[in-house]
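Novice: below is the sequence, then the predicted model.
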Amino acid sequence: MSTSYELSGASERSRIVMALAPSAATITVGEALALLDGPFRAFAEGVSEDRYALWLGSGISFGRVDGLKEVVPRVIEFLRVQIAAGNPGCRFKAALDEALALAQLSAEEQGRVDVTRPFAEWPDANAITGRLIGKYAHLLETVVEGEAEDFVLWNGVDIASTFADPAIEPDVEHLCIATLILEGVSSDIASANWDGLVEKAVDTLTGGQPALVVCVRPEDLREPQQRARLFKFHGCAIRASADEATFRPYLIGRQSQIHGWVARQENAAMVQRLIDLIATKPTLMMGLSAQDANIQAIFAEAEARMAWPWPGDRPSYVFSENAIGVDQRGLLRNVYRAAYTPDTRQQILDSAVIRAYAKPLLVSLLLHMLCSKLRRLIELAPGALGPADRQHLQTGVVAVRDRLAVAAEPDRMAFVRSLVDQSSRAVMMFRDGHAPAAPRPYNPISPIPIQQMAGDVMPASGLREAAVATGILGLGVHDGAWTLDVADVGDQTSGIVCVNSVAGSVKVFFAANSHAALRLQHHGHLVDGDEAIVIHSLETSPALPRSPRGAPGRTGRLGLREVSITELMNEAVTSAELVQRFREEVAL
């Protein structure tokens, strides 16, 4: 493999592709997948191998929890409403004056300040808010005489109701991250967010079973490993609300806290862990501007200890942005110190920004990863097929993926919820012959990254053969022989997918083994007389028992058909022969 992922030419191609790409806000999931298949292929492959650490900021929770546009006015109003009228020495009036001084009001603006009216009614409220957003850490530093240093942060921002409200539900980003965690490809996540939406998403998908170690205090780093670790280096509102005495001091937001965070001894263990994370795993940054001094400091320190080379075999730093911001540019200058020159600067910037915000990017990464796992299973499947024929089957998996990408628009939340439920239901029915009613816990294709699958796949699991069957069905879609519809998860007899061809529609079930196939019938998923195909991964036992049926020529119905992928793979020597034999067996 080239150590520069062919950057000499790839960078120019990447620049052209990115210049023609939609904006980060308007890009579709399908268009984001094209980036992952093209100039960011090495990056996407790295995600499927659990190479990348995710670094999360408030942007991924935008629309779910209040952002600075809501928090800043709340702080100003919090101070204003507590002013004692007629008391020129009121401590809250002094604090409000200190806060407004940060906005550098003109004489005219100062003259329009009226503390007897709500801040929202001030003529210059929007202008003041806009200026203070860029100085939010200074704003939170505002001192109220007689109160704790973090009084404005804790009480003015109202941490508990703003960021720890149990009624707030995870968004697309959090559900995608949770799914990546459970698929074993996102084991290290650093978050500057106070909210608990990633944790809630994981909890939702596991049915409350532990899968995530949340690290807020140094002691948390000693917790036994689960699927992933979430390093909440700016604190956690959920824990602070539940145990104020222990966790309130770990909420980082004030300017002095940010500047002193790296140097404080109580943070040493977390600082060291994050520096190690930066040095050992490439970075994917989403919704995080990197403007805070402590973030800049730990990335610079990681570079000093063990710098990532540029160019490398994949981008070491990727920002989910429309364009690189000034603070992100500064970070890149620090981490690529020796390589960052006038000649390489634009190439470095081009390789570091993928023009897709977190929503479309994470949905596309999820689809890409699931597809990559199935493609890997096809490579591992037993049989005489050569690499070219296996690649042909992989084309079918990609066709299914791309059809799903189209379905992701315009309601990505509905799509992700459906994808998670449909795939989990499919895995449960395939493996166990039964899927209970929703809500059901998420069942991954495999809980490990793609490079570990060769040593983990058990011959009896049937997963490799199921991936081959997916490729065959996808080739039919690719070649126009049939279309696929998702099953109705509310109907236990609807199968996993429905195949629609000129011959009619038929529902399809997958069975890992004969026991799973019998359980499909036992639990009422297979109904006597239905048009259905059961795709067995392994050799078939005698046909499933069912009532006698008339000849197809008389009734026009074929009823239940069964096919074994193992038996077909033992017979076929080309992918074309495999597909043809499959179609003959199931009368498609």
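Specialist: Cool, got the structure. Just so we're clear, the structure is a prediction, and the values are computed from it rather than from any experiment.

Novice: list the buried residues for the longest helix anywhere in the chain?
Specialist: Assignment by DSSP state H gives helix 358-380 as the longest helix of the chain. Buried residues in helix 358-380, defined by neighbour count with 16 or more other CB atoms under 10 Å: 358-379. Bear in mind the C-beta positions are built from the backbone N, C-alpha and C, glycine included.

Novice: swap in stretch 513-527?
Specialist: Buried residues in stretch 513-527 (16+ other CB under 10 Å): 513-514, 516-521, 525-526.

Novice: give me the neighbour count for the nearest residue to residue 315 once chain neighbours are set aside.
Specialist: In space, and not counting its chain neighbours, residue 315 is closest to residue 351: 4.8 Å by CB to CB, 6 or more residues apart in numbering. Neighbour count for residue 351, taken as other CB atoms under 10 Å: 29.

Novice: domain map for the chain?
Specialist: The record's domain parsing of the chain by automatic domain parsing lists 7-64+169-359, 68-163, 381-586.

Novice: format those as JSON lines; extra columns: mean pLDDT.
Specialist: What follows is these, written out as JSON lines (pLDDT from 0 to 100):
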{"stretch": "domain 7-64+169-359", "mean pLDDT": "94"}
{"stretch": "domain 68-163", "mean pLDDT": "96"}
{"stretch": "domain 381-586", "mean pLDDT": "90"}
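
Novice: just name the most buried of these.
Specialist: Mean neighbour count (mean count of other CB atoms under 10 Å) peaks for domain 7-64+169-359 among those, with a mean of 20.

Novice: now do it: distance to the chain's middle.
Specialist: 11 Å (CA atoms, centre = their mean, to the nearest Å).

Novice: likewise for stretch 426-438?
Specialist: Mean-position distance between stretch 426-438 and its chain equals 24 Å (CA atoms, centre = their mean).

Novice: start and end of that stretch, how far apart?
Specialist: Using CA to CA, to the nearest Å, one end of stretch 426-438 lies 13 Å from the other.

Novice: against which helices or strands is the single longest strand found in the chain packed?
Specialist: Using DSSP state E, we find that the single longest strand of the chain is strand 504-511. Contacts defined by 3 or more CB pairs under 8 Å, 6 or more residues apart in numbering; DSSP states H and E place strand 504-511 against helix 412-432, helix 463-478, strand 497-501, helix 514-522, strand 532-536.

Novice: just want the angle from that strand to strand 532-536.
Specialist: Here strand 504-511 runs at an angle of 30 degrees relative to strand 532-536 (axes from the mean of the first three to the mean of the last three CA atoms, to 10 degrees).

Novice: can I get strand 504-511 in PDB, CA atoms only?
Specialist: Once non-C-alpha atoms are left out, strand 504-511 reads as follows in PDB (Å, rounded to 0.1, in the frame of the first residue of the first chain):
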ATOM      1  CA  GLY A 504     -45.100 -11.600  -8.700                       C
ATOM      2  CA  SER A 505     -44.100 -10.800  -5.200                       C
ATOM      3  CA  VAL A 506     -42.600 -13.200  -2.700                       C
ATOM      4  CA  LYS A 507     -41.400 -12.700   0.900                       C
ATOM      5  CA  VAL A 508     -37.900 -13.900   1.800                       C
ATOM      6  CA  PHE A 509     -36.600 -15.300   5.100                       C
ATOM      7  CA  PHE A 510     -33.000 -16.100   6.100                       C
ATOM      8  CA  ALA A 511     -32.200 -19.000   8.300                       C
END
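
Novice: next, work out how far apart the nearest residue to residue 292 once chain neighbours are set aside and residue 385 are.
Specialist: Sequence neighbours aside, residue 258 is the residue nearest to residue 292 in space, at 5.1 Å (criterion: CB to CB, 6+ apart). According to CB to CB, to the nearest Å, residue 258 stands 57 Å off from residue 385.

Novice: same deal with residue 321?
Specialist: Separation of residue 321 from residue 385 (CB to CB): 42 Å.

Novice: now do residue 289
Specialist: Residue 289 is 49 Å from residue 385, by CB to CB.

Novice: show me where the stretch 1-150 of the chain has helices.
Specialist: Ranges of helices in the stretch 1-150 of the chain, per DSSP state H, counting those that start in this stretch, are 7-20, 29-37, 41-48, 68-81, 91-101, 107-112, 125-133, 136-139.

Novice: elements contacting the second one?
Specialist: Same thing as helix 29-37. helix 41-48, helix 358-380, helix 387-407.

Novice: would you reformat these as CSV and include distance to residue 130?
Specialist: Output for these, formatted as CSV (distance: least, CB to CB, whole Å):
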stretch, distance to residue 130
helix 41-48, 34
helix 358-380, 24
helix 387-407, 37
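
Novice: name the residues that touch stretch 418-427?
Specialist: 175, 179, 205, 366, 370, 404, 435, 438, 440-445, 486-487, 489, 496, 510 (CB atoms under 8 Å, 6 or more residues apart in numbering).

Novice: identify the residues contacting residue 196.
Specialist: Neighbour list for residue 196: 163-164, 236-238 [criterion: CB under 8 Å, 6+ apart].

Novice: and which of those is nearest to residue 277?
Specialist: Top of the list for closeness to residue 277, among those and by CB to CB, is residue 236 at 18.1 Å.

Novice: list the contacts for the closest one?
Specialist: 194, 196, 214, 216, 247, 250-251.

Novice: out of the helices of the stretch 1-150 of the chain, which comes closest to residue 145?
Specialist: Evaluated with CB to CB, the helices of the stretch 1-150 of the chain place helix 91-101 nearest to residue 145, the distance being 4.1 Å.

Novice: can you dump the C-alpha coordinates of that closest one into CSV?
Specialist: Provided in CSV are the C-alpha atoms of helix 91-101 (Å, rounded to 0.1, in the frame of the first residue of the first chain):
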residue,chain,number,x,y,z
ARG,A,91,-24.6,42.7,43.1
PHE,A,92,-26.6,41.4,40.2
LYS,A,93,-26.6,44.8,38.5
ALA,A,94,-22.8,44.8,38.9
ALA,A,95,-22.6,41.3,37.4
LEU,A,96,-24.9,42.3,34.5
ASP,A,97,-22.7,45.4,33.8
GLU,A,98,-19.6,43.1,33.8
ALA,A,99,-21.3,40.7,31.3
LEU,A,100,-22.5,43.5,29.0
ALA,A,101,-19.0,45.1,29.0
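
Novice: what residues does the longest strand of the chain touch?
Specialist: Applying CB under 8 Å, 6+ apart, the contact partners of strand 504-511 are 426, 429-430, 433, 462, 466, 469, 473, 485, 487, 493-499, 517, 520, 525-526, 530-537, 558, 561, 586, 588.

Novice: next, the residue lying farthest from the centre of the chain: phi, psi?
Specialist: In terms of distance from the mean C-alpha position of the chain, residue 86 ranks first, at 53.6 Å (CA atoms, centre = their mean). According to degrees, to the nearest 10, the main-chain angles of residue 86 amount to phi 80, psi 0.

Novice: heads up, I number from 538, so please use that
Specialist: In the new count, where the first residue is 538, that last one comes out as residue 623.

Novice: separation between it and residue 652?
Specialist: Residue 623 is 12 Å from residue 652, by CB to CB.

Novice: and what of residue 724?
Specialist: Residue 724 is 51 Å from residue 652, by CB to CB.

Novice: for stretch 958-978, measure first residue to last.
Specialist: Stretch 958-978 has its terminal residues 8 Å apart, counting by CA to CA.

Novice: send the alpha carbons of the one helix or strand residue 816 maps to over as CSV?
Specialist: Assigned by DSSP states H and E, residue 816 falls within helix 805-817. Extracted C-alpha coordinates of helix 805-817, given in CSV (Å, rounded to 0.1, in the frame of the first residue of the first chain):
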residue,chain,number,x,y,z
ALA,A,805,-3.6,14.8,34.7
ALA,A,806,-5.0,11.3,34.1
MET,A,807,-7.7,12.5,31.6
VAL,A,808,-5.2,14.7,29.9
GLN,A,809,-2.8,11.9,29.4
ARG,A,810,-5.5,9.5,28.1
LEU,A,811,-6.7,12.0,25.6
ILE,A,812,-3.1,12.8,24.4
ASP,A,813,-2.5,9.1,24.0
LEU,A,814,-5.8,8.8,22.0
ILE,A,815,-4.8,11.6,19.7
ALA,A,816,-1.4,10.1,19.1
THR,A,817,-2.6,6.5,18.5
